[in-house]
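Novice: the following block contains a protein sequence and its predicted model.
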Amino acid sequence: ITGEEKCCFEDTLVQMGNGDIKKIKEIEIGDELTSFNTNLEFENARVINKNKTITNNYIKIKTRTSNLIVTAQHKFFILQGKDFVPIEAKYLKKGDFIPIPLKLNFPALEYPLPDVEENEIVIITDKGRQLIKEKVKEFGLTYYELGRKLGKYPSFINNMVNNKKFISHKSKKLTKSLLSMFKIDERLHDQDYFKIPITIPKSVTVPLCEFLGVYWGDGNYDNTNYIMHISDKDVGNLNYYNDLIKTLFNANTEIKQYGNKYKLYLKQTFPLFNLMKKLGLTTSNTRKLPKLVYYLSNDELSAFIRGYFDAESCVRTSNTGGSITLETSCEEVTHQLRLLLLRFGVLCKIGQRKRFEKRTTRGEYIIYSLTINDRKSLLNYKEKIGYNHPQKIEKLEFAISKFKKGHLKYYRYPSTVIKKVMKLLK
């Protein structure tokens with residue numbers, strides 16, 4: 001990544017030695033990158049220098065697995081006969097073969113979940129409201145007097161006692177104050193007077209990663225009523241995640257049908273949404289993969305990808321095979337996922353196309369795609385990641401059974417051939 005006019009475009013993604021993925025402009029001296037040693041083994045290489053070049057002389061290179069923007073003097077190794085030879089980017093031509101890694105390996109790193117305990121919501125049930133009314137009368141208090149004792153306005157107290165849909169942020173402390181003031185046993189929590197509607201895991205788990213993936217793909221949030229929902233046309237897929245969410249968060253859920261689409265609702269989820277926000281898992285078109293994902297174990301990462309692909313990908317089939325395709329309006333996400341899929345030996349190609357929306361003011365924009373369409377990669381995806389989505393499971397099985405020839409051309413070379421490349425690096 002250094003050298004006079006031998007540079008990559010500043011937004012080029014680089015695989016770091018700890019599993020992180022950074023833009024090349026974000027890399028600092030002392031950072032460690034993933035590289036090969038002379039024994040063709042992965043190892044970390046420390047950055048000792050960094051140069052920045054300003055030039056209009058750059059070249060766009062498109063392969064079946066990625067797109068690159070580099071300066072004309074940037075060197076690549078290409079296949080010539082049975083050997084690899086170095087060549088400057090300006091001399092590359094259509095049909096040249098560039099070597100790529102078929103698999104990446106990284107150890108899992110501990111990534112603690114952010115603390116959201118202080119934002120826990122407590123729901124006051126019908127029984128709880130009636131109990132408060134009785135205690136207010138018993139202690140001879142007005143709502144104004146009760147509000148002053150609790151540091152709340154009378155309208156807040158009136159709403160809390162009489163409104164069945166009342167929900168308050170950070171009301172765990174408020175509820176404890178009420179229990180203490182009226183000398184109510186805190187065990188009444190267990191009798192549905194006051195309910196904590198959702199529990200948050202304290203550590204990263206496979207089920208949590210699966211939920212994070214599907215929510216990142218098809219999730220949405222209602223800021224007014226603190227309700228999350230996940231959409232899908234296949235109710236079987238939502239039934240799976242409904243069971244997972246109930247077990248994982250002890251949450252109130254409901255599935256509703258709207259035409260040919262279903263929605264899975266999670267109610268009173270402010271603390272969960274706060275967790276997602278702190279993790280960086282938003283649902284905007286400019287979203288990025290959260291740092292958490294880079295440091296997951298392979299089991300956790302496969303669960304996250306499985307959830308995301310359950311939501312966002314489609315499986316296409318034909319009489320001669322098929323493919324898995326995922327589309328997004330965020331180009332960076334496709335390149336991040338491409339690097340993450342390499343951890344499971346899954347190769348994919350990146351593409352783009354124009355889309356036009358007549359019904360909105362968005363007009364014309366670019367959609368980016370990630371496609372897995374060779375048999376070996378589809379098999380690796382099935383065995384190491386897979387689907388929960390019933391229809392996609394069935395289609396993937398059919399595609400693999402019919403596969404005869406892959407659309408993604410790549411060749412495997414023994415280490416004796418690759419070592420010749422390493423000698424040219426010296």
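Specialist: Thanks, I have the structure now. Here the structure is a predicted model, which means the values were calculated and not measured.
Novice: where in the stretch 201-350 of the chain is pLDDT low?
Specialist: Scanning the stretch 201-350 of the chain for pLDDT under 70 picks out 224-225, 268, 282-287.
Novice: how about the helices in it?
Specialist: 206-218, 235-249, 270-279, 291-294, 298-312, 331-341 (DSSP state H, counting those that start in this stretch).
Novice: same question, the stretch 51-200 of the chain
Specialist: 126-138, 143-150, 154-162, 171-181.
Novice: the ones you listed: which one's closest to residue 74?
Specialist: Proximity to residue 74 (Cβ to Cβ) singles out helix 171-181 among the helices of the stretch 51-200 of the chain, at 56.7 Å. C-beta here means a position set from N, CA and C on the backbone, and glycine is covered the same way.
Novice: and residue 138, how many residues sit next to it?
Specialist: When neighbours are counted by other Cβ atoms under 10 Å, residue 138 registers 9.
Novice: let me redo that: residue 348
Specialist: Residues lying near residue 348 (other Cβ under 10 Å) number 26.
Novice: give the contact list for it.
Specialist: Shown in contact with residue 348 (Cβ atoms under 8 Å, 6 or more residues apart in numbering): 65, 337-338, 341, 370-373, 377, 408.
Novice: the same query, at a cut-off of 10 Å, please.
Specialist: The contact partners of residue 348, by Cβ atoms under 10 Å, 6 or more residues apart in numbering, come to 64-66, 323-326, 334, 337-338, 341-342, 369-374, 377, 381, 408.
Novice: skip the chain neighbours and tell me the closest residue to it.
Specialist: Using Cβ to Cβ, 6 or more residues apart in numbering and skipping the chain neighbours, the partner closest in space to residue 348 is residue 372 (4.7 Å).
Novice: next: residue 297.
Specialist: Among residues not flanking residue 297 along the chain, residue 108 sits closest, at 3.5 Å (Cβ to Cβ, 6+ apart).
Novice: and stretch 305-318, end to end?
Specialist: For stretch 305-318, the first-to-last residue distance is 24 Å (Cα to Cα, to the nearest Å).
Novice: out of the contacts of residue 348, list just those in strands.
Specialist: Among the contacts of residue 348, DSSP state E puts 323-326, 369-372 in strands.
Novice: need those residues in TSV (columns: distance to residue 393 and neighbour count).
Specialist: What follows is those, written out as TSV (distance: Cβ to Cβ, whole Å; neighbours: other Cβ atoms under 10 Å):
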residue	distance to residue 393	neighbour count
323	15	24
324	12	25
325	16	18
326	16	21
369	22	15
370	20	24
371	19	22
372	15	24
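Novice: closest to residue 12 out of the residues you listed?
Specialist: Here the nearest of the ones in strands among the contacts of residue 348 to residue 12, counting by Cβ to Cβ, is residue 370; it sits at 17.1 Å.
Novice: quick one: the closest one from residue 332, how far?
Specialist: For residue 370, the distance to residue 332 (Cβ to Cβ, to the nearest Å) stands at 12 Å.
Novice: go on, residue 30?
Specialist: Going from residue 30 to residue 332 by Cβ to Cβ gives 24 Å.
Novice: more crowded one of the two?
Specialist: Neighbours around residue 30 and residue 332, counted as other Cβ under 10 Å, are more numerous at residue 332. The numbers are 17 against 8.
Novice: need the nearest residue in space to the more buried one, chain neighbours excluded.
Specialist: Leaving out its chain neighbours, the residue that sits closest to residue 332 by Cβ to Cβ, 6+ apart is residue 288, at 6.3 Å.
Novice: and that neighbour, how many residues sit next to it?
Specialist: By the measure other Cβ under 10 Å, the count of residues near residue 288 is 15.
Novice: doesn't residue 333 make contact with it?
Specialist: Yes: Residue 288 is within contact range of residue 333, at 7.1 Å (criterion: Cβ atoms under 10 Å).
Novice: between these two, what contacts are shared?
Specialist: Common neighbours of residue 288 and residue 333, counting by Cβ under 10 Å, 6+ apart, are absent.
Novice: let me see the contact set for residue 303.
Specialist: With contact taken as Cβ under 10 Å, 6+ apart, residue 303 is in contact with 205-214, 296-297, 385-386, 388.
Novice: wait, which of those residues is closest to residue 53?
Specialist: Nearest to residue 53, judged by Cβ to Cβ, of these is residue 296 at 35.1 Å.
Novice: that closest one reaches residue 108, doesn't it?
Specialist: Yes: at 6.2 Å, residue 296 and residue 108 qualify as touching, with contact defined as Cβ under 10 Å.
Novice: so which of these two has more stuff around it?
Specialist: Neighbour count, other Cβ under 10 Å: between residue 296 and residue 108, residue 296 has more, with 24 against 14.
Novice: residue contacts, the more buried one?
Specialist: By Cβ under 10 Å, 6+ apart, residue 296 lies in contact with 19, 106, 108-109, 111, 204, 206, 209, 212, 302-305, 340, 343.
Novice: then residue 353?
Specialist: 327, 366-369.
Novice: please pick the buried ones from the residues you listed.
Specialist: Neighbour counting by 16 or more other Cβ atoms under 10 Å classes 327, 368 among the contacts of residue 353 as buried.
Novice: between the contacts of residue 353, which sits nearest residue 15?
Specialist: Closest to residue 15 out of the contacts of residue 353 is residue 368 (19.4 Å), distances taken as Cβ to Cβ.
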